[in-house]
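[1] below are the sequence and a predicted model for it; my questions follow.
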Amino acid sequence: MRPASNPRSGFSLLELLVSATLGLLLIGSAVTLFRQALNATWVTSQKSEMQQDFRASANLLQRDISLAGAGALGQQGLSYNAVGLQNTVKNPFYPCSTTSCNFVNGTSVAFPTTSGSPLLYSIIPGPSLGIQVDPALGKSDIISLVETDVNLELNCYTVDVINATTVNFGLPTPLPPTCVLPPLVTAPPSLVESATNPAGLQAGDVILFGSNSALGVVTNVVAGTNPASCFTPAASTTTPPTTYTIPAGNCYTVTFANESGAAPDPGYINQPVTAGGAGILDSYVGSTALSAVRLLFVTYYLDLSTDGTNTPRLMRIQNGKLPAPVAENVVYLKFTYDVNNNGVINANQSTLPVGTTPAMITQVNIAHMTMRSQVPGRSGYQGLDLQTSISARNLTSQQEYPISGTN
């Protein structure tokens with residue numbers, strides 16, 4: 001008997017080619033989907049990181065802008081030299097650490113002036129004073145904000161101006177009626193900064209004296225042991241009258257070095273020899289009713305990192321401390337302002353209208369805070385742009401009674 005023939009097995013060449021083609025198409029589709037998923041994941045992670053940086057930056061900006069003018073600061077006069085101690089014109093400038101003032105675009109910034117006199121306002125605009133990261137966007141803005149510091153109860157201390165560069169602070173017994181302590185705080189802190197007292201006075205702190213707007217930048221603080229070296233005022237205005245005494249250990253000598261001193265004030269705020277005498281400390285020598293308060297003077301600006309990558313960063317500098325980065329890869333910063341001019345609101349002003357001053361600002365608008373991703377993708381950097389408005393609530397309250405630009 002003949003065995004049955006074997007049936008045909010395997011695939012033909014045509015079938016193999018068709019199968020391979022279909023397999024390649026499926027693999028190509030899978031690779032494309034995988035790549036798109038990776039790109040989507042990268043975009044999502046980059047946008048999430050930018051949003052986190054946005055929130056952190058916006059929270060800091062909102063806090064400082066909303067508190068600008070706290071303590072009814074208004075506008076404060078600054079002293080300046082017609083011919084200074086070094087035979088040169090000395091106008092005050094900012095922002096400064098204890099050693100340098102070249103942080104904004106490699107240089108310093110002049111205070112705004114009214115009738116030729118430099119003034120410290122609660123909000124100081126700085127249109128187009130910052131660096132330019134993207135030529136298509138142009139130069140960035142800076143902004144400076146000032147408020148009183150409630151973490152140090154300087155209003156509990158008596159103030160004795162010895163001369164234009166030396167002031168004694170004494171903590172009297174009993175405490176004066178101007179001394180209002182926070183809940184659960186039984187006594188004002190020492191004025192000497194330490195690990196256990198971080199709120200004490202530090203070099204670079206800005207102090208506002210009295211109602212005539214004398215300003216000083218602290219150079220040094222020393223605790224004295226002799227109460228006789230501190231100011232002991234006459235009877236206070238309380239009823240019944242109380243005579244203050246300064247117990248031993250409650251006296252502090254604070255120095256305000258001028259531009260010719262061994263450790264000068266870099267921003268030329270401390271100027272004992274000035275034109276017109278506006279804001280000099282020695283005008284308060286012998287005063288028996290002088291008060292003082294520490295200010296928080298904050299400036300935001302863009303800078304490039306110094307690690308060789310030239311990464312743009314949003315920076316914040318406060319008083320005499322070194323600048324601190326707030327967020328990286330912020331490439332553009334622009335502000336506009338709402339200005340109350342005798343009851344007429346000029347909204348979204350990039351520069352202040354003629355006849356107005358920064359004291360008339362009631363709202364700060366972040367017109368653009370543009371951020372890019374940490375690294376570029378296949379199509380370049382991812383980007384986000386923040387726009388919001390923040391009420392300067394203390395200045396808005398002051399504007400319930402409109403003022404003119406000359407006040």
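    The structure has been received and is ready for your questions.

[2] so which strand or helix has the closest residue to Ser57 other than its chain neighbours?
    In this structure, Ser57 finds its nearest non-sequential neighbour in Ala327, 4.6 Å apart by CB to CB, 6 or more residues apart in numbering. C-beta: built from backbone N, CA, C; applies to glycine. Assigned by DSSP states H and E, Ala327 belongs to strand 324-328.

[3] name the helices or strands packed onto the following helix or strand past that strand?
    Using DSSP H and E, the next helix or strand after strand 324-328 towards the C-terminus is strand 330-341. Counting contacts by 3 or more CB pairs under 8 Å, 6 or more residues apart in numbering; DSSP states H and E, strand 330-341 is packed against strand 123-126, strand 292-304, strand 312-318, strand 344-349, strand 361-372.

[4] by mean pLDDT, point me to the weakest helix or strand of the protein.
    Using mean pLDDT, DSSP states H and E, the weakest-scoring helix or strand in the chain turns out to be strand 75-77, at a mean of 65.

[5] ok, back up a step: flag every buried residue along the strand holding Ala327.
    Across strand 324-328, burial judged by 16 or more other CB atoms under 10 Å covers Val326, Ala327, Glu328.

[6] so what's the residue nearest to Ser57 scoring on pLDDT?
    At Ala327 the predicted local confidence, pLDDT, stands at 89.

[7] for it, give the beta-bridge partners.
    Applying DSSP bridges to Ala327 gives these bridge partners: Leu314.

[8] wait, it touches Arg313, no?
    Yes: between Ala327 and Arg313 there is a contact under CB atoms under 8 Å: 6.9 Å.

[9] could you find the closest non-adjacent residue to Cys179?
    Cys156 is the one closest to Cys179 (CB to CB, 6+ apart), at 3.6 Å.

[10] distance of the nearest residue in space to Ser190 that is not next to it in sequence relative to Asn151?
    Using CB to CB, 6+ apart and skipping residues adjacent in sequence, the residue nearest Ser190 is Asn197, 5.5 Å away. From Asn197 across to Asn151, the span is 11 Å (CB to CB, to the nearest Å).

[11] cool, Tyr268 as well?
    Using CB to CB, Tyr268 is found at 27 Å from Asn151.

[12] who has more neighbours out of these two?
    Just comparing Tyr268 and Asn151: by other CB atoms under 10 Å the higher neighbour count belongs to Tyr268, 26 against 11.

[13] and that one, helix, strand or coil?
    coil (DSSP: H, G, I helix; E, B strand; the rest coil).

[14] hmm, back to that, pull the distance from the strand holding Ala327 to the chain's centre.
    12 Å (CA atoms, centre = their mean, to the nearest Å).

[15] show me what counts as buried in stretch 107-115.
    For stretch 107-115, the buried set under the neighbour-count rule, 16+ other CB under 10 Å, comprises Ser108, Val109, Phe111, Pro112, Thr114.

[16] what's the lowest-pLDDT member of these?
    Lowest pLDDT among the buried residues of stretch 107-115: Thr114, 77.

[17] tell me who's in contact with the nearest residue to Arg294 once chain neighbours are set aside.
    Closest residue to Arg294 apart from its sequence neighbours, by CB to CB, 6+ apart: Asp149 at 4.2 Å. If you count contacts by CB atoms under 8 Å, 6 or more residues apart in numbering, Asp149 has them with Val293, Arg294, Leu295, Leu296.
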